[in-house]
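>>> Structure of the sequence below:
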Amino acid sequence: MNAPNTNAPHVAILDDEPEIRRMLVDALEESGFRTTAYGRATEFEAGLKRAQPDVCLVDLGLPDRDGLALVHRLALESGAAIIIISGRAQVQDRVTGLELGADDYIIKPFDPAEVVARIRARLRKPRPDAAAPAQVAYFAGWKASFERYVLINAEGVETPFSHAEGEVLRLFLESPNRLISRAQMQETLGGAAGESFDRAMDVRISRLRTKLCEDPKNPRLIKTIYGAGYIFLGDVRWE
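Numbering: from 1, shown residues only. Have a look, this model is predicted:
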C-alpha cells in the first residue's frame, strides 16, 4: 500500500453509521484525500485538538451531541470548511444549518461522488504556478487575518469569524469599490444557486456587518445595492 500523501487535504468525518463512514472514507481516499472518521462527537472533538482538518463532514443525528450546536461551534472556532450530511431534508433544516455557519448541506442518501465534488469545490486552490494569496488585509481601521480567522480593531480587540464568513469577506476585500452581483458570488463561492444560497449569503453578510460594528440600517462598508448585489466601500491593503 502506498504511503498517504501528507500534503493532501484532510477530511474529518463524523457520522454514527459505520457503513456511511466506510463509504465516505473509501470514496475520499480513492480521490486523493486524507481522512479521519469518528462515530461520536466526543471522539471528533478530541481529534480536532490533535490536528486541524481542512474539511469537516458532520451528521446532525449524533448520539452524544446536538449536531446543529456542534456545527455552530465549529463555525466560530474552526478554520475548516463545514459540510453537513443529514437525512433531514426539509428546507428549514437546510436554512438553519447554513445560518449556523455550515458551508454546504448534503441530504442522505447521497452519491459519494457528489460529496467528493462538493469538497473539491470548497477547497479550490490557486494554480501551482500562481502566487500564494495574501493572508492579512488592512481596511478602515481593521485588520483581517485569514490564517487565524480573526478581525482585529484599532484597540487590538479580536473577533473571530468563520470559514464561510471569511470566504465572503475575502471576496469583498479583493474587489473593493466594485459591484459584486449574486451571480458572481455564487460562481466564485460555489454552491447551488437558489433560495438557500441567497439566504446563506444574507446571513453571512449580516454577521460580518455585526462583527465590523456596522449600523445595520446604514452600513458604511458593505453596501447593499438592491436588485444588483453588494459593494465594499473603502481602501484595502494586503500583506
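>>> and the helix ranked longest in the chain, what does it pack onto?
In the chain, ranked by residue count with DSSP state H as the criterion, the top helix is helix 195-211. Helices and strands touching helix 195-211, by 3 or more Cβ pairs under 8 Å, 6 or more residues apart in numbering; DSSP states H and E, are helix 91-99, helix 163-174, helix 182-189, strand 222-225. Every residue, glycine included, has its C-beta placed from N, CA and C.
>>> which stretch in those has the least confidence?
Lowest mean pLDDT within the helices and strands packed on helix 195-211: helix 91-99, a mean of 79.
>>> Other residues contacting that helix?
Helix 91-99 is touched from outside by 60, 68, 71, 84, 86, 88, 105, 107, 195-196, 199-200, 203, with contacts defined as Cβ atoms under 8 Å, 6 or more residues apart in numbering.
>>> swap the cut-off to 6 Å and go again
84, 105, 196, 199-200, 203 (Cβ atoms under 6 Å, 6 or more residues apart in numbering).
>>> again with stretch 32-46
Outside stretch 32-46, the residues that reach it (Cβ under 6 Å, 6+ apart) are 4, 8-14, 16, 21, 25, 28-29, 47, 62, 64-65, 70.
>>> Quick one: end-to-end length of it, please.
24 Å (Cα to Cα, to the nearest Å).
>>> now stretch 48-66
17 Å.
>>> what sits up against that stretch?
9-16, 40-42, 67, 71, 74, 80-86, 119.
>>> Buried among these? Make that a PyMOL selection.
The PyMOL selection below is limited to those of those classed as buried (16 or more other Cβ atoms under 10 Å):
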select buried, resi 9+10+11+12+13+14+15+41+67+71+74+80+81+82+83+84+85+86+119
